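[1] Sequence first, then the predicted structure:
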Amino acid sequence: MYWYEYCPKHIESKYELLVFRDNQPFLSLSDYYFDCVGRIDKSSATSYLKCLLPFFKWLEEESNYQGQRVEWNDSEEKIRVVVEEYLRHEMKCKVHDKDSFRLVSLTNKSPNTISRFLSALKSFYKSMIHLKQYTHSNPLMDGQAFLHNYKEELKGVRDGKPRMPSVSGTEEPIFDEATLRKISPERDVNIAKKKYMQLTKEELVNRLQKIRSDGSLIILSSLNRKLIEIPK
């Protein structure tokens with residue numbers, strides 16, 4: 001069983017929070033929280049940690065790769081396989097292949113934490129690689145990573161605020177109205193200018209149209225490896 005406790009204020013420790021497994025400190029998740037707080041706010045770090053605790057318990061008790069239990073620091077291939085199983089059997093999702101991606105679809109039995117769980121797991125392995133505790137590639141970062149068409153993702157975490165790239169600190173976007181019309185002729189151009197980043201390369205436009213017709217709402221750009229939202 002996994003759980004966490006905050007360190008008492010009168011005790012000096014680098015760990016503000018400690019994760020325990022069977023009454024013993026579990027440093028990998030404790031180190032993750034410590035590293036995570038340096039990058040995001042504490043409430044988000046705690047939320048991520050809560051999503052990971054059930055997965056680690058399941059990993060220890062139920063995971064199966066070719067007849068053997070999988071540990072969190074196994075190869076990225078093994079982690080991907082068991083994450084897919086976890087999504088299917090524990091979170092009641094449908095997972096299927098699409099080109100070089102795994103697409104995750106919700107069912108009416110799926111919890112509303114799918115998006116947070118995938119983000120938390122990617123964040124965990126990012127921290128473990130940074131802390132040199134995981135020697136493989138991030139299982140959720142390359143072309144085989146999990147993507148999802150979770151409907152809530154369209155709303156984003158910045159409701160009512162400007163979207164990328166205007167808040168990203170990068171170069172100003174080039175807006176091509178003709179390309180927008182090809183992808184989504186019914187969109188209001190002025191609204192789209194304010195809210196969406198646009199790719200204008202013809203080969204990517206064709207790919208976006210193909211995936212959109214399949215109902216996938218979020219894809220990974222093959223050029224810059226960023227998540228792109230497709231406006232409906």
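    Done, it's in.

[2] Am I right that residue 108 sits in a helix?
    No. Assessed with DSSP: H, G, I helix; E, B strand; the rest coil, residue 108 is coil; it does not lie in a helix.

[3] give me phi/psi at it?
    Residue 108 has phi and psi values of phi -70, psi -10 when expressed as degrees, to the nearest 10.

[4] where does the chain dip in pLDDT?
    Within the chain, the segments meeting pLDDT under 70 span 98-101, 142-232.

[5] What segments of it are strands?
    Taking DSSP state E to define them, one finds strands in the chain at 2-6, 17-21, 24-25, 94-98, 101-105, 146-148, 218-220, 227-229.

[6] what's the single longest helix in the chain?
    Selection of the longest helix in the chain by residue count, based on DSSP state H, yields helix 42-61.

[7] mind listing the helices for this protein?
    Listed in chain order, the helices found in the chain under DSSP H are 27-37, 42-61, 76-89, 114-130, 177-183, 189-195, 202-213.

[8] Nearest to residue 2, out of those?
    Using Cβ to Cβ as the measure, helix 42-61 is the one of those that comes nearest residue 2, at 4.5 Å. All C-beta atoms are positioned from the backbone trio N, CA, C, and that covers glycine.

[9] just the angle between that closest one and helix 27-37, please?
    160 degrees (axes from the mean of the first three to the mean of the last three Cα atoms, to 10 degrees).

[10] Please enumerate residues in contact with helix 42-61?
    Around helix 42-61, the neighbours that count as contacts under Cβ atoms under 8 Å, 6 or more residues apart in numbering are 1-4, 17, 19, 21, 29, 32-33, 36-37, 69-72, 82, 86, 90, 113, 116-117, 119-121, 123-124.

[11] One more: stretch 12-26?
    By Cβ under 8 Å, 6+ apart, the list of residues contacting stretch 12-26 from outside reads 1-7, 27, 29-30, 33-34, 37, 46, 49, 53, 56.

[12] if you set the cut-off to 7 Å instead, what comes out?
    Among residues not part of stretch 12-26, those counted as contacts by Cβ atoms under 7 Å, 6 or more residues apart in numbering are 1, 2, 3, 4, 5, 6, 7, 29, 30, 33, 34.

[13] How about it, which residues are buried there?
    Neighbour counts using 16 or more other Cβ atoms under 10 Å place 17, 18, 19, 21, 26 of stretch 12-26 among the buried residues.

[14] One more: stretch 120-134?
    Of the residues in stretch 120-134, those buried by neighbour count under the rule 16+ other Cβ under 10 Å are 120, 121, 122, 123, 124, 125, 126, 127, 128, 133, 134.

[15] Show me what that stretch is in contact with.
    Around stretch 120-134, the neighbours that count as contacts under Cβ under 7 Å, 6+ apart are 28, 31-32, 35-36, 48, 51-52, 73, 83, 138-141.

[16] Now do residue 6: how many residues are near it, please.
    Counted by other Cβ atoms under 10 Å, the residues lying close to residue 6 total 10.

[17] scratch that, residue 55 is what I was asking about
    Residues near residue 55, counting by other Cβ under 10 Å: 21.

[18] can you check residue 139 too?
    Close neighbours of residue 139, defined as other Cβ under 10 Å, add up to 24.

[19] shouldn't it be in contact with residue 79?
    Yes. Under the criterion of Cβ atoms under 7 Å, residue 139 makes contact with residue 79 at 4.0 Å.

[20] what residues are up against residue 117?
    Remark: with contacts taken as Cβ under 7 Å, 6+ apart, residue 117 is in contact with residue 51.
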